[in-house]
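# The amino acid sequence is not available; the structure is as follows:
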């Protein structure tokens, strides 16, 4: 299992890959556009959709922090690196032609226009399903507003098609009285046509016909807007630049088909988990002045015995909040119900295997109890379910982060730790109400002596345990701890208090990053060193000789990046999640 330190090492230059995708979507200068296909036009059997409505212009673009950051000339080095990294996968194949930076920029400009990507469930009527029998059903469809992009779209399609190792067979067919292309490959078929200002594609002929009919307003039958799951989610879907909706129970359609003689059964397991209790997962992205905000929810029946039990009802002042001091850089907290998760897992396993093999599940539970020295439910009950990470180091050094876990019984928790880590345990020392434990992540004691390295440090108290790579970091945090009451919250950073006030009273998750306090120059220096080490180690991993020079790495664009560009545009990130009678909600924004 990865240590918290190894997980934090994911905070490297690669994390910008996700931001790059967001920035590129928001980097055009087109006007707001209506979706090519609104939910009221989509068939009732639509399983999911994503609607991109185009990007804003004028003041909305100038005032938004993300857009202003992307347009800043000082981010040019990062933009150039992003365009190069987009080809990293195809670069592994020398037979594939590489796109120039100009070609990539042109292709990415297709995102200036609105589009819809969705999926229709397989129709139940035999007559409709029989229209496509050459390949397995694929209900994916795509509708793109090609206004002003006609030539670029055609050029891009031809370019990507020419890069295929085995060119597909392209033929012209007639669909709904108009010509269309049938693009056949060994494993799939794609249908493509242009209807008015839209380009339409699908992987199934029946789906293709229905989407075209819906665009023409000729298709009878109910629409997605009349489905109860959509109506339930509709209040959180309207508005914004991006909108998504997924009917969770229909994920059963993607369950793998196991052999008839397989002892493991998927359908009974999904039924035992009561997947149908989760009606939908949906949300939208909006640009609200300087903010880029994502709001969404997983809605359904939160009655006991469903997957919603895994999420805690939440609390107003979580215990880990006592570690949040005025100099906090980042704080992230979440709460789960471990016992409920274990009960659901056992219930699913019991119905997934034949009755004559039920003893195997019981045996696995018994072996686990023997390994940890107590019944599994008792071990899970030792933990409150609250996890948190706190970072006060401006350079975001993962070695100086602290990780929090709430507990209910210190003696039994220590007993569990001693049993689990066994020969990996180093020293154990009591200081006041805390017991400091050192755990080796690289080795354990053996009969010939001690072979331990890469230690991690834990401090166990009556109500929580905290962990860090450095024992001095733990002591500093414990010394700064303040009472977790309302009065003590007045000393928290004002930006944190402002963000917290905008969320409901009881939360099951809370996150905050004060981006103005990050030392971006120190962060850049550390990333450069990491990039150089990774680049130097690459030839050795491939069996190269030590005389070979390492290939150029990420350090090159990092050297040309001005860290102040982030200070100018990014202020803080805040987010929260909570549970109510309708489901699980989340709200996050970056400003």
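Here it is on my side, so go on. For clarity, every value in this text was computed on a predicted model and none was experimentally measured. Numbers count the residues shown, from 1 in each chain.
# Next, residue 427: phi, psi?
The phi/psi pair for residue 427 (degrees, to the nearest 10) reads phi -80, psi 160.
# Tell me the spacing between it and residue 192.
Distance of residue 427 to residue 192, given as Cβ to Cβ, to the nearest Å: 67 Å. Glycine gets a C-beta too; all of them are placed from N, C-alpha and C.
# And residue 558, by the same measure?
Relative to residue 192, and taking Cβ to Cβ, residue 558 is found at 41 Å.
# So which of these two has more stuff around it?
Higher neighbour count among residue 558 and residue 192: residue 558, with 22 against 16, using other Cβ atoms under 10 Å.
# What is the distance between the one helix or strand residue 207 maps to and the centre of its chain?
Secondary structure from DSSP states H and E places residue 207 in helix 205-216. The chain centroid and the centroid of helix 205-216 are separated by 32 Å under Cα atoms, centre = their mean, to the nearest Å.
# in it, what's buried?
205-215 (16 or more other Cβ atoms under 10 Å).
# out of everything not next to it in sequence, what's closest to residue 52?
Leaving aside its sequence neighbours, residue 52 sits nearest to residue 115 (Cβ to Cβ, 6 or more residues apart in numbering; 5.3 Å).
# which residues touch the one you found?
Residues in contact with residue 115, defined by Cβ atoms under 8 Å, 6 or more residues apart in numbering, are 36, 51-52, 142-145.
# what's the distance between the lengthiest helix in the chain and the middle of its chain?
In the chain, assigned by DSSP state H, the helix with the most residues is helix 520-541. For helix 520-541, the separation from the chain centroid amounts to 25 Å (computed by Cα atoms, centre = their mean).
# For that helix, enumerate the helices and strands it packs against.
helix 555-559, helix 564-569 (3 or more Cβ pairs under 8 Å, 6 or more residues apart in numbering; DSSP states H and E).
# go again using 6 Å as the cut-off
Here helix 520-541 touches helix 555-559, going by 3 or more Cβ pairs under 6 Å, 6 or more residues apart in numbering; DSSP states H and E.
# Report the mean per-residue pLDDT for the helix it packs on.
Averaged over helix 555-559, pLDDT sits at 68.
# after the host helix or strand of residue 379, next one along is what?
Using DSSP H and E, residue 379 sits within helix 376-381. Heading C-terminal from helix 376-381, the first helix or strand you meet, by DSSP H and E, is strand 383-391.
# ok now that following strand, how far from the chain's centre?
How far strand 383-391 lies from its chain's middle: 19 Å, per Cα atoms, centre = their mean.
# what does the average pLDDT come to for it?
Average pLDDT, strand 383-391: 93.
# which element follows that strand toward the C-terminus?
Scanning forward in sequence from strand 383-391 by DSSP H and E, the next helix or strand is strand 402-407.
# for the helix or strand following that next one, which positions count as buried?
Counting by DSSP H and E, the next helix or strand C-terminal to strand 402-407 is helix 410-421. Within helix 410-421, the residues scored as buried using 16+ other Cβ under 10 Å are 410, 412-417, 421.
# which two of those lie the greatest distance from each other?
Pairwise distances across these (Cβ to Cβ) peak at 16.3 Å, for the pair 410 and 421.
# still on that earlier bit, closest to residue 119 among the buried residues of helix 205-216?
Checking the buried residues of helix 205-216 against residue 119 by Cβ to Cβ gives residue 207 as the nearest, at 8.7 Å.
# thinking again about what came up before, tell me which of the buried residues of helix 205-216 is nearest to residue 273?
Nearest to residue 273 among the buried residues of helix 205-216: residue 207, at 28.9 Å, using Cβ to Cβ.
# Give the full set of residues in contact with the closest one.
Counting by Cβ atoms under 6 Å, 6 or more residues apart in numbering, residue 207 touches 120, 139, 141.
# now do 8 Å
With contact set as Cβ under 8 Å, 6+ apart, residue 207 has these partners: 120, 138-141.
# Kindly reformat these as a markdown table containing distance to residue 244 and pLDDT.
Shown next, in a markdown table, are these (distance: Cβ to Cβ, whole Å; pLDDT from 0 to 100):
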| residue | distance to residue 244 | pLDDT |
| --- | --- | --- |
| 120 | 16 | 94 |
| 138 | 19 | 89 |
| 139 | 16 | 91 |
| 140 | 15 | 93 |
| 141 | 15 | 94 |
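# out of those, which is most surrounded?
Neighbour counts for the contacts of residue 207 peak at residue 141, which has 27 neighbours (criterion: other Cβ under 10 Å).
# In which helix or strand does it reside?
Here residue 141 sits within strand 140-145, counting by DSSP H and E.
# which strands and helices sit next to the helix or strand just after that strand?
Going down the chain from strand 140-145, the next helix or strand is helix 150-162, by DSSP H and E. Applying 3+ Cβ pairs under 8 Å, 6+ apart, we find helix 150-162 packed against helix 101-108.
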